[in-house]
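1. next one to model:
(one chain, ligands or ions: 2)
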Amino acid sequence: MSFFPTAVQKFRKFVLDKCSAELGLYLVSLGPCDDAVRFLFPIFAEYCLEEFADEMKSFRAMISKADLTKPDTWFPFARAMKRKVVYHCGPTNSGKTYEALQRFKEAKKGIYCGPLRLLAMEVFDKMNSLGVYCSLLTGQEKKKVPFANHVSCTIEMVSIDEMYDVAVIDEIQMMADATRGFAWTRALLGVKADEIHLCGDPSVLDIVRKICAETGDELEVHHCERFKKLEVEAKTLLGDLKNVKSGDCVVAFSRREIFEVKLAIEKNTKHRCCVIYGALPPETRRQQANLFNDQDNEFDVLVASDAVGMGLNLNIRRVVFYNLSKYNGDKVVPVPATQVKQIAGRAGRRGSRFPVGLTTTLHLDDLAYLIECLKQPFDEIKKVGLFPFFEQVESFAAQLPDLNFPKILAKFAESCRLDGMYFLCKHDHIKKVANMLEKVKGLSLQDRFNFCFAPANIRDPKSMYHLLRFASDYGQKVPASIAMGMPKGSARNDSELLDLETKHQVLSMYLWLSHQFDYERFPHGKKAEAMATDIADLLGQSLIKANWKPETRQTASRPKPRKNEDGYERPKSLITSYEE
Ligand SMILES: Nc1ncnc2c1ncn2[C@@H]1O[C@H](COP(=O)(O)OP(=O)(O)OP(=O)(O)O)[C@@H](O)[C@H]1O
Ligand SMILES: [Mg+2]
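-> Ligands and ions are numbered 1, 2, ... in the order given. The predicted structure is shown next:
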């Protein structure tokens, strides 16, 4: 559509018409982050809507046909800006985020968007400790710091209404993530910032180039190199966990295996283990990371899932892969090379006491696959994720008044049109919640859409039960209660530990809903926050003394282990690591 380039010209003309030529030129040259120009934008918006009524009509018609082509045109104001995109491109541990944060710190107004609450919290703490007032915004927490012009948020929370001097979008390669990719795509296309700093591996560099060519943004690439070399130890651990050493991080891809490894190491060696996996709250992961990093205690080995690949500053000497296959929600597959590289790359972080990073496997059989993964160049990503906004689903739904929300979603997915560079993100989570809430009365289409994004664990029946309860209360217009007791102490066995994990997850969901919906409907946010903090502490205490055999979490349906088509052997134990 030619609407937006014309709009840019019109904006310039508008400014020049409304002001004296000199002032107009001055304003246009300032860039849209200047207060004066910010003031003119809303006036321009109205002007624009009248001027471009026809184009807007065809734009709306396009939306109502589930047409997701040309997503760059969904963000007219960002298109009206002259944005500069700086891509900090390199492998793990190459200083990408550090470089981008330097510009963030200097900015008058900045936003950092990270993939995890943990990373958003890290940046929030770091900035405030450096005297740069910074607020925190995640689905679960809003910490407004007085006088702050900076905000650190999770990628889903980025505002595309506010204007910034500098925006940092971390882990940009996650644009290609099958489920969450759309949040990165939206941030890149829509954020209104003079300067956008992308941090990531080279896999999406080409596609970012193409996107910038379409949006008209200027692109600058900074190539970053690893600070410390990463070496493979060919000897491996010879299949024996007795060979772990201080500073090792043993990586396993299921919760069950993590606890089995911890138990085996603590029983057969003098090492003590910290653990990190996806179902742990960010606060507990951080506490375990600090325990491991601190040299003045006996906890000198880390046992972790792939959750260790992102967001924590860890003093790891050697990454040891317990195995190299994982359950992907459907079947057991070899861990993708990019992920292997990212996890192995955690060894030998700049500032840690180890001169190089080392990586190896427990079993000799896995070594060849590890070496192959590390040698592989980054895949070139051909498509990035998209998902419709509520307004797009609403316009589409208006034509199908007889269909319920799950059917509308299915129809949308079936009939939506996309450009070659984009794919529609997987939305099994959304479908499952939409189906569960189908019979709940009193919810508008928008309520249903919003509830579908609540951070429920769809594989945990208890989590789904609470979500159903919260939605039913909401539909009946009664305040949702937490309805959950506080555990008396730390966990004494694995089922109590699982219970703590679930309780924290449900509280985190309550907090998310309390920020998403009216306060009156979820009035116990403060209480939920306090309970969640206490449970995160209890989880930390429980992990320190955990020395029991893990149980299998009760899940909806799990496939049995079997060989897959390419003959890849599946491990005996199957359990998913529950990510944020
Ligand atoms: N110029 C620098 N001066 C001092 N410390 C630095 C510098 N650059 C990076 N670091 C430190 O090195 C470590 C790795 O940097 P950073 O986290 O920016 O790397 P990255 O490439 O973003 O890694 P990741 O793949 O984990 O995202 C961090 O602890 C960071 O604070
Ligand atoms: Mg980084």
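2. and the closest residue to residue 326 other than its chain neighbours, which helix or strand is it part of?
-> Distances taken as C-beta to C-beta, 6 or more residues apart in numbering place residue 253 nearest to residue 326, at 3.5 Å, with adjacent residues excluded. For glycine as for every other residue, the C-beta is placed from the backbone atoms N, C-alpha and C. For residue 253, there is no enclosing helix or strand under DSSP states H and E.
3. now for residue 253, how many residues are close by?
-> Residue 253 is surrounded by 28 other residues when neighbours are defined as other C-beta atoms under 10 Å.
4. and if you look at residue 143?
-> Here the neighbour count serves as a burial measure; for residue 143 (other C-beta under 10 Å) it reads 15.
5. try the one 3 residues further on
-> Each residue near residue 146 was counted by other C-beta under 10 Å, and the total is 6.
6. ok so, going back, so what's the residue nearest to residue 326 up against?
-> Contact analysis of residue 253 by C-beta atoms under 8 Å, 6 or more residues apart in numbering lists 305, 306, 322, 323, 325, 326, 327, 335, 577.
7. next, find the distance separating it from residue 542.
-> Computed with C-beta to C-beta, to the nearest Å, the distance linking residue 253 and residue 542 is 22 Å.
8. equivalent analysis for residue 301, please.
-> Using C-beta to C-beta, residue 301 is found at 18 Å from residue 542.
9. these two: which is more packed in?
-> Neighbour tally, residue 301 and residue 542, criterion other C-beta under 10 Å: the higher count belongs to residue 301, 26 against 22.
10. what is the three-state secondary structure of that one?
-> Of the three states, residue 301 takes strand according to DSSP: H, G, I helix; E, B strand; the rest coil.
11. that one contacts residue 272, doesn't it?
-> Yes - counting by C-beta atoms under 8 Å, residue 301 sits close enough to residue 272 to count as a contact (7.1 Å).
12. give me every residue in the stretch 201-350 of the chain lying close to ligand 1.
-> Applying C-beta under 6 Å from any ligand atom, one finds that the stretch 201-350 of the chain approaches ligand 1 through 313, 349, 350.
13. ok, of these, which come out buried?
-> Buried positions within these, assessed by neighbour count (16 or more other C-beta atoms under 10 Å), are residue 349.
14. of the residues of the stretch 201-350 of the chain next to ligand 1, which is the nearest to residue 288?
-> Ranking those by separation from residue 288, with C-beta to C-beta as the measure, puts residue 313 on top at 12.6 Å.
15. how close does the closest residue to the closest one other than its chain neighbours sit to residue 274?
-> Counting by C-beta to C-beta, 6+ apart, residue 313 lies nearest to residue 349, which is 6.6 Å off, once chain neighbours are set aside. Separation of residue 349 from residue 274 (C-beta to C-beta): 16 Å.
16. next one: residue 207
-> To residue 274, residue 207 is 37 Å away according to C-beta to C-beta.
17. helix, strand or coil for the nearest residue to residue 302 once chain neighbours are set aside?
-> Sequence neighbours aside, residue 249 is the residue nearest to residue 302 in space, at 4.2 Å (criterion: C-beta to C-beta, 6+ apart). Under three-state DSSP, residue 249 falls in the strand class.
18. ok, the residue in the stretch 351-500 of the chain positioned nearest to ligand 1 - contacts?
-> At 5.1 Å from ligand 1, residue 351 is the closest residue in the stretch 351-500 of the chain, using C-beta to the nearest ligand atom. With contacts defined as C-beta under 8 Å, 6+ apart, residue 351 is in contact with residue 313.
19. let's go with 7 Å and repeat that
-> Contacts for residue 351 were tallied using C-beta atoms under 7 Å, 6 or more residues apart in numbering; there are none.
20. going forward can the numbers begin at 17, since that is how I track them
-> Sounds good: first residue 17 from here, last item residue 367.
21. what pLDDT does it get?
-> You'll see residue 367 listed with a pLDDT of 83.
22. relative to residue 553, how far out is it?
-> According to C-beta to C-beta, residue 367 stands 28 Å off from residue 553.
23. tell me the secondary structure of the residue in the stretch 317-466 of the chain that ligand 1 sits nearest to, please.
-> Proximity to ligand 1, evaluated over the stretch 317-466 of the chain using C-beta to the nearest ligand atom, is greatest for residue 366 at 3.4 Å. Residue 366 carries the three-state label coil when classified by three-state DSSP.
24. isn't it up against residue 109?
-> Yes - using C-beta atoms under 7 Å, residue 366 is in contact with residue 109, at 6.5 Å.
25. name the residues contacting each of the two.
-> Here residue 366 and residue 109 have 243, 244 as joint contacts, going by C-beta under 7 Å, 6+ apart.
26. which outside residues touch stretch 422-437?
-> For stretch 422-437, the external contacting residues (C-beta under 7 Å, 6+ apart) are 82-86, 223, 226, 399-400, 402, 404, 409, 412-413, 416, 419, 440, 446-447, 450-451, 454.
27. thinking again about what came up before, just give the number of residues close to the residue nearest to residue 318.
-> Other residues near residue 265 number 27, with proximity taken as other C-beta under 10 Å.
28. and residue 225, what does it touch?
-> Residue 225 makes contact with residue 235, according to C-beta under 7 Å, 6+ apart.
29. which strand or helix spans it?
-> In this structure, residue 225 is located in helix 221-231 according to DSSP H and E.
30. after that helix, which helix or strand is next?
-> Next along the chain after helix 221-231, taking DSSP H and E as the criterion, comes strand 234-239.
31. buried ones in that next one?
-> Using 16+ other C-beta under 10 Å as the test for burial, strand 234-239 gives 235, 238.
32. and the next helix or strand after that strand, what's buried?
-> Heading C-terminal from strand 234-239, the first helix or strand you meet, by DSSP H and E, is strand 246-248. Residues 246, 248 are the ones in strand 246-248 that count as buried (16+ other C-beta under 10 Å).
33. over to stretch 217-235?
-> 217, 218, 219, 220, 221, 223, 224, 227, 228, 231, 233, 235.
34. distance of the third one relative to residue 306?
-> In this case it means residue 219. Computed as C-beta to C-beta, the residue 219 to residue 306 distance reads 31 Å.
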